[in-house]
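Peer 1: prediction below, plus the sequence it came from.
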Amino acid sequence: MTRLTDTGASDTLTVGVVQHACSADREPNLAHALSGIEHAADRGAELVLLQELHNHAYFCHSEDPSHFDLAEPVPGPTTHALGDAARRAGVCVVGSVFERRTAGIYHNTAVVLERDGAVAGTYRKMHIPDDPGYHEKFYFTPGDQGFTPIDTSIGRLGVLVCWDQWYPEAARLMALAGAELLLFPSAIGWDSADDSAERQRQLESWVTIQRSHAIANGLPVVCCNRVGDEKMSGDGPSIKFWGTSFACGPQGEMLWQAKSDRSQVSVVTIDRQRSERVRRIWPFLRDRRIDSYGEIDNRFSD
């Protein structure tokens, strides 16, 4: 495996990000993702990041047992399609699958495809939200693989999924396990009832927390979020997914940011060697007081 920081490796890594709206029909959604992989590869991408649950409209708006019919095994139809696209384009791909593990056990799963199309590994979403319009606990069993990076030919990838992006512990554990890049497939947006000030606060918080993971761990971060308005249920309010996919470097410096209101395929170039240089002058991992963090695994210290 080539590490991002290997002396003999290329000094840069070009990452493609495919941000798009989703409809109720699986095939056009998947076709958009596959086309995005091709377009990003044509622009020099070596790794392509897709958004969370890119095959479907966001079905977690409501609790409906029929939505479990959308789930599929891993490997399965989506991993086969993404693997074929990865092989044709010669890129690594991070995709997203509503995984049926067995009857009654379903996961929100990120899949990593190698450049030859093989499945390099999976990550099952660990933090599962249950909020108005985001009834994910009804559908998804929390992941049981831990925070384990996935080794690929282009480096060791720390893949996390959406709600995971709010938890510093998740990013830290990926970094401590040797992740060289943090990747966040995401599906997050505003309730249509939110006013403009609240929308701005939410968006700024979302960007800030992920940039803070980059800073605290000395790692680049790339996030891909969906766009578009999707109904929560019937005549009720909608979620406006805010897009704004972005990449930042290991000091939180913004390298690129997408628009909030449109589908787009973009590429961003990451300096493979910068984490090494930054960690030498900001040695947060060195100075951790690991002898004093025993209470971190408490729910709350009463």
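Peer 2: Received the coordinates, thanks.
Peer 1: CA atoms only for stretch 200-212 - export them in CSV, please.
Peer 2: The C-alpha coordinates for stretch 200-212 follow below in CSV (Å, rounded to 0.1, in the frame of the first residue of the first chain):
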residue,chain,number,x,y,z
GLN,A,200,-26.5,30.3,8.6
ARG,A,201,-25.6,29.2,12.1
GLN,A,202,-26.2,25.6,11.2
LEU,A,203,-24.1,25.7,8.1
GLU,A,204,-21.3,27.5,9.8
SER,A,205,-21.3,25.0,12.6
TRP,A,206,-21.2,22.1,10.2
VAL,A,207,-18.2,23.5,8.3
THR,A,208,-16.4,24.6,11.5
ILE,A,209,-16.6,21.3,13.3
GLN,A,210,-15.1,19.4,10.3
ARG,A,211,-12.4,22.0,9.9
SER,A,212,-11.6,21.5,13.6
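Peer 1: any buried residues in it, and which?
Peer 2: If you call a residue buried by 16 or more other C-beta atoms under 10 Å, then stretch 200-212 has these buried ones: 202-203, 206-207, 210-211. Using the backbone N, CA and C atoms, a C-beta is placed for each residue, glycine as well.
Peer 1: could those residues go into CSV alongside distance to residue 282?
Peer 2: What follows is these, written out as CSV (distance: C-beta to C-beta, whole Å):
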residue, distance to residue 282
202, 28
203, 27
206, 23
207, 20
210, 18
211, 14
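Peer 1: just give me the closest of those to residue 49.
Peer 2: Checking the buried residues of stretch 200-212 against residue 49 by C-beta to C-beta gives residue 210 as the nearest, at 13.2 Å.
Peer 1: which residues are in contact with residue 259?
Peer 2: Neighbouring residues of residue 259 by C-beta atoms under 8 Å, 6 or more residues apart in numbering: 227, 243-244.
Peer 1: name the SS class of residue 259, please.
Peer 2: Following DSSP: H, G, I helix; E, B strand; the rest coil, residue 259 is assigned to coil.
Peer 1: what does residue 247 give?
Peer 2: strand.
Peer 1: wait, it sits on residue 16?
Peer 2: No. Contact between residue 247 and residue 16 fails when scored by C-beta atoms under 8 Å: they sit 10.7 Å apart.
Peer 1: sorry, back to before: now the two most distant members of the buried residues of stretch 200-212.
Peer 2: Maximum distance among those (C-beta to C-beta): 15.1 Å, for 202 and 211.
Peer 1: name the helices or strands packed onto the helix or strand bottoming out on mean pLDDT in the chain?
Peer 2: Of all helical and strand segments in the chain, the minimum by mean pLDDT, DSSP states H and E falls on strand 227-231, at a mean of 89. Applying 3 or more C-beta pairs under 8 Å, 6 or more residues apart in numbering; DSSP states H and E, we find strand 227-231 packed against strand 238-242.
Peer 1: quick one: which of the buried residues of stretch 200-212 is nearest to residue 114?
Peer 2: Distances from residue 114 to the buried residues of stretch 200-212, taken by C-beta to C-beta, are shortest for residue 210, at 25.7 Å.
Peer 1: now for the longest helix seen in the chain, which elements pack on it?
Peer 2: For the chain, the longest helix by residue count, based on DSSP state H, is helix 196-217. The contact analysis (3+ C-beta pairs under 8 Å, 6+ apart) places helix 196-217 against helix 168-176, strand 181-186, strand 189-191, strand 221-225, strand 238-242, strand 246-248.
Peer 1: now this structure, which segments are flagged as low pLDDT?
Peer 2: 1-9, 232-237 (pLDDT under 70).
Peer 1: run the last query once more with 90
Peer 2: By pLDDT under 90, the weakly predicted segments of the chain are 1-10, 62, 131-133, 191-194, 230-238, 302.
Peer 1: where do the helices of it begin and end?
Peer 2: 26-42, 77-89, 168-176, 196-217, 274-281.
Peer 1: re earlier: tell me which residues of the least confident helix or strand of the chain come out buried.
Peer 2: For strand 227-231, by 16+ other C-beta under 10 Å, it's 227-228, 230-231.
Peer 1: coming back round to it: same list (the helices and strands packed on helix 196-217) but as JSON lines, adding distance to residue 110 and mean neighbour count.
Peer 2: Listed next are those as JSON lines, based on distance: least, C-beta to C-beta, whole Å; neighbours: other C-beta atoms under 10 Å:
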{"stretch": "helix 168-176", "distance to residue 110": "12", "mean neighbour count": "19"}
{"stretch": "strand 181-186", "distance to residue 110": "6", "mean neighbour count": "28"}
{"stretch": "strand 189-191", "distance to residue 110": "19", "mean neighbour count": "22"}
{"stretch": "strand 221-225", "distance to residue 110": "11", "mean neighbour count": "27"}
{"stretch": "strand 238-242", "distance to residue 110": "18", "mean neighbour count": "21"}
{"stretch": "strand 246-248", "distance to residue 110": "17", "mean neighbour count": "25"}
